[in-house]
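Enquirer: turn this into a structure:
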Amino acid sequence: MHSQQVHLQFINLLHNLLLLIQTDTTAIIIITAIIIITIIIKNFIFFNQFKEQKKNQHTNKTMENAIYSLLHSTKVEDVVQPTAIITIEENDSLENAVKIMSEKKVSSLPVVSKETGEIVGVVDMLDVVSYVLFVSPDAGQLNANDLKRLEIAGRAMALEPVKSVMDFSGRDPYIAVNPNSVLTYATSLFSRGLHRMPVVNAENKVTHTLAQADIVKFIHSKDLHRGHFKAVGEKTLKELGLGVSGIFTAHRRETLYNVLQTMQKNLISAVALTEPDGKLAGNFSATDLKGLYTEKFPLLLQPVADYLEEFSPRSLNSFCMKADAKFADLVGEMVENKLHRLWIIDDDFKPVGVVSLTDVCAIFSKKAF
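Expert: Got it, this is the predicted structure:
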């Protein structure tokens, strides 16, 4: 039936009711009663729907905000580990900074003033990657028979003061945090790509370092499979929208130099290494450059897998999951194996996505899902 016909029928019905009201007092009483009863019923239904909606909102808020609420009630000083602080002076060489990071198995160093001892910035492996490519020759000028230009680049690395390379990548700016700050502040910054931040006291002296991994380890200790936390922990990676963005891959026989170029050009921290058939063969990240000393600069020309086999064999392990894995299991895997990222694979063991600590912190930072 067309809406125009319905409209005409409604008008006719209304007209007949008006005629009836004019001639019959009883009809007036009946119709008035019907209207009053209808209003009462509608109000009753609306009130109950409103109460149910508020109840559901309260329940959802309690479940979905469990991780965020915990972080917001926890201070930085409650999470950081009491370890010795490793720093480097601003006028020390970049080469020495790389050696210290390699020996101490850290990915960054707070840079301090020689005169005051105050922190002036941070240098990390992403800065090293950016600087190495900046002083190295262009790919078109690089070949295995002409390593002089790389040797010059190596000497530049040995002579360059750390203060000139701080945040050379432009991706890990110096942002310090107070030990009394709540963890939601740091987690919010970590969710945007910041990897770590120094914890400083009132005198601007470094007391600890807070990293993405510290936040993830803290939440993992609360067991995401239980209580209110399981509202997030039991969700699959696919349900949370994790591991669905594009990734960059490189053949395991690609040169280290070209892999670094790919990372720098696309502003990424790691690439998935693949076999000839496209299956996952390992991982190369900025932290793997900790084996790069001045005398090793010619190794930029060798296959990335050979470099990793000598300096970082663990990166040739394939830490991965499928998209239907639970978020709690992913967090556990990352904490137990001290991973910065975990590759998502399809049924053919080919990498199709990646979940990083940055992504995990972004889930922790959400107030609702």
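Enquirer: what is the neighbour count of Lys230?
Expert: By other CB atoms under 10 Å, 17 other residues sit near Lys230. In short, each C-beta sits where N, CA and C put it, glycine included.
Enquirer: quick check: it vs Lys279, distance?
Expert: According to CB to CB, to the nearest Å, Lys230 stands 33 Å off from Lys279.
Enquirer: stretch 309-327 - what's its average pLDDT?
Expert: Stretch 309-327 comes out with an average pLDDT of 93.
Enquirer: if you could redo that for stretch 335-347, that was the one I meant.
Expert: The model assigns stretch 335-347 a mean pLDDT of 96.
Enquirer: and that stretch, how far from the chain's centre?
Expert: Its chain's C-alpha centre and that of stretch 335-347 lie 13 Å apart, by CA atoms, centre = their mean, to the nearest Å.
Enquirer: flag every buried residue along that stretch.
Expert: 335, 339-345 (16 or more other CB atoms under 10 Å).
Enquirer: try stretch 346-363
Expert: Neighbour-count burial for stretch 346-363 [16+ other CB under 10 Å]: 349-363.
Enquirer: and it, C-alpha only, in CSV?
Expert: Extracted C-alpha coordinates of stretch 346-363, given in CSV (Å, rounded to 0.1, in the frame of the first residue of the first chain):
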residue,chain,number,x,y,z
ASP,A,346,48.4,-16.8,6.9
ASP,A,347,47.8,-20.5,6.4
ASP,A,348,50.8,-20.7,4.1
PHE,A,349,53.1,-19.2,6.7
LYS,A,350,53.5,-16.0,4.8
PRO,A,351,53.6,-12.7,6.7
VAL,A,352,50.5,-10.6,6.2
GLY,A,353,50.7,-8.2,9.2
VAL,A,354,52.5,-7.3,12.3
VAL,A,355,51.6,-6.3,15.9
SER,A,356,54.2,-4.2,17.7
LEU,A,357,54.4,-3.0,21.3
THR,A,358,53.1,0.3,20.0
ASP,A,359,49.9,-1.4,18.8
VAL,A,360,49.5,-3.2,22.2
CYS,A,361,49.9,0.1,24.1
ALA,A,362,47.3,1.6,21.8
ILE,A,363,44.8,-1.1,22.9
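Enquirer: ok, which stretches of the stretch 101-250 of the chain are helices?
Expert: Per DSSP state H, counting those that start in this stretch, the stretch 101-250 of the chain carries helices over the ranges 125-135, 148-159, 183-190, 212-220, 230-233.
Enquirer: now the fourth one and helix 183-190, what's the angle there?
Expert: Between the axis of helix 212-220 and that of helix 183-190 there is an angle of 130 degrees, by axes from the mean of the first three to the mean of the last three CA atoms, to 10 degrees.
Enquirer: any residues touching helix 212-220, and which ones?
Expert: Outside of helix 212-220, the residues within contact range by CB atoms under 8 Å, 6 or more residues apart in numbering are 67, 70-71, 74, 79-81, 183, 186-187, 190, 195-196, 229, 331-332, 334-335, 338, 340, 357-358, 360-361, 364.
Enquirer: now do that helix, average pLDDT.
Expert: Helix 212-220 carries an average pLDDT of 96.
Enquirer: what of the longest one?
Expert: What helix 148-159 shows for mean pLDDT is 60.
Enquirer: that older thread, which one of the buried residues of stretch 335-347 sits closest to Ile100?
Expert: His340 (19.6 Å; CB to CB).
Enquirer: now, the buried residues of stretch 346-363 that are in helices?
Expert: If you go by DSSP state H, those have 357-363 in helices.
Enquirer: give me the distance between Glu203 and Ile119.
Expert: Glu203 is 10 Å from Ile119, where distance means CB to CB.
Enquirer: and those two? Which one has more around it.
Expert: Taking other CB under 10 Å, Glu203 and Ile119 do not tie; Ile119 has more neighbours (20 against 9).
Enquirer: and that one, what does it touch?
Expert: Counting by CB under 8 Å, 6+ apart, Ile119 touches 87, 110-113, 174, 176, 198, 200, 204-206.
Enquirer: now Ile86
Expert: With CB under 8 Å, 6+ apart, Ile86 has these contacts: 100, 104, 106, 109-110.
Enquirer: out of these, who's the most crowded?
Expert: Per-residue neighbour counts (other CB under 10 Å) across the contacts of Ile86 peak at Leu109, which has 26 neighbours.
Enquirer: kindly state the beta-bridge partners for it.
Expert: Val123 (DSSP bridges).
Enquirer: read off the pLDDT value for it.
Expert: Note for Leu109: predicted pLDDT of 90.
Enquirer: give me every residue that touches it.
Expert: 86-88, 97, 100-101, 122-124, 162.
Enquirer: neighbours of Glu160, just the number please.
Expert: Counted with other CB under 10 Å, Glu160 comes out at 18.
Enquirer: the closest residue to it other than its chain neighbours: how many residues sit nearby?
Expert: Counting by CB to CB, 6 or more residues apart in numbering, Glu160 lies nearest to Leu94, which is 4.7 Å off, once chain neighbours are set aside. Close neighbours of Leu94, defined as other CB under 10 Å, add up to 26.
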